[in-house]
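Chemist: predicted model, plus sequence, below.
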Amino acid sequence: MPLDGVRALVFDVFGTVVDWRSGVAREAEPFLKRHGAGTAIPAAFADAWRRRYSPAMEEVRSGRRPFTRLDVLHRENLEAVLPEFGIDPASVPASELDELNLAWHRLEPWPDAVAGLTRLKARYIIAPLSNGNIVLMLNMAKRSRIPWDAILGAEVVRAYKPMPEAYLRTADVLAMKPNEICLVAAHNGDLAAARHADCEQPLSRVRPSTD
């Protein structure tokens, strides 16, 4: 489908470009076994950790907390979720928690993602518009050869989606009008927020996802 007037495609990443659940579960499994929680389901651990994602960002979105990068929020959420699986975070070396926290940097793209992005890059500027912080996006891209033209997102614009500022400031960073940018996301809430961020931005597209 042609996107008349669109110059840039910006992508949600977690769930849209990469498979966060499988990646986090894979790295959590040996950690859980080492710390006496070997009967826990790794995917359930990934889901429990992820459930704290939006509430943590809401503290920032609401103004109750200054802007804090996602790596920090993920690390705090990791310590908070461990007791649900019978693990005392104080009993785990900080270096080991830091390493598990980097699981979010090592997520694998969906099988068709890199090839699809490479094709789109030939016609459009492509970049993440993710709540993930800059170094997280960089590490993920370098590891999996995700061919972004730039790294954009929450840390660049100092606002977490679905705040309107996350979308409109991204357009400003690109020196484009909002209707020259298309958001690609697997999450209906993200798409709806982008549509309503500005009355001149009706463009958004979704790829199927179970997330």
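Modeler: Right, received. Where do you want to start?
Chemist: list the buried ones in the top helix by length along the chain?
Modeler: What stands out as the longest helix in the chain, according to DSSP state H, is helix 20-34. Neighbour counts over helix 20-34 (16 or more other CB atoms under 10 Å) mark 20-21, 23-29, 31-32 as buried. Every C-beta, even on glycine, is put in place using the N, C-alpha and C of the backbone.
Chemist: the nearest residue to Val135 once chain neighbours are set aside: what's it in contact with?
Modeler: Spatial nearest neighbour of Val135, chain neighbours left out: Asp71 (7.3 Å); criterion: CB to CB, 6 or more residues apart in numbering. Residues counted as contacts of Asp71 (CB atoms under 8 Å, 6 or more residues apart in numbering) are 101, 104, 133, 135-136.
Chemist: lowest average confidence, helix or strand, in this structure?
Modeler: Here the helix or strand of the chain ranked lowest by mean pLDDT, DSSP states H and E is strand 204-206, holding a mean of 47.
Chemist: verify the stated contact: Leu32 with Ile41.
Modeler: No - using CB atoms under 8 Å, Leu32 makes no contact with Ile41, being 9.1 Å away.
Chemist: so how far is Met176 from the residue sitting furthest away from the middle of the chain?
Modeler: Distance from the C-alpha centroid of the chain peaks at Gly36, with 29.5 Å (CA atoms, centre = their mean). With the distance defined as CB to CB, to the nearest Å, Gly36 ends up 52 Å from Met176.
Chemist: stretch 109-116: end-to-end distance?
Modeler: Stretch 109-116 has an end-to-end distance of 11 Å (CA to CA, to the nearest Å).
Chemist: the longest helix of the chain - contacts with which helices or strands?
Modeler: Other elements packing on helix 20-34 under the criterion 3 or more CB pairs under 8 Å, 6 or more residues apart in numbering; DSSP states H and E are helix 42-51, helix 94-101.
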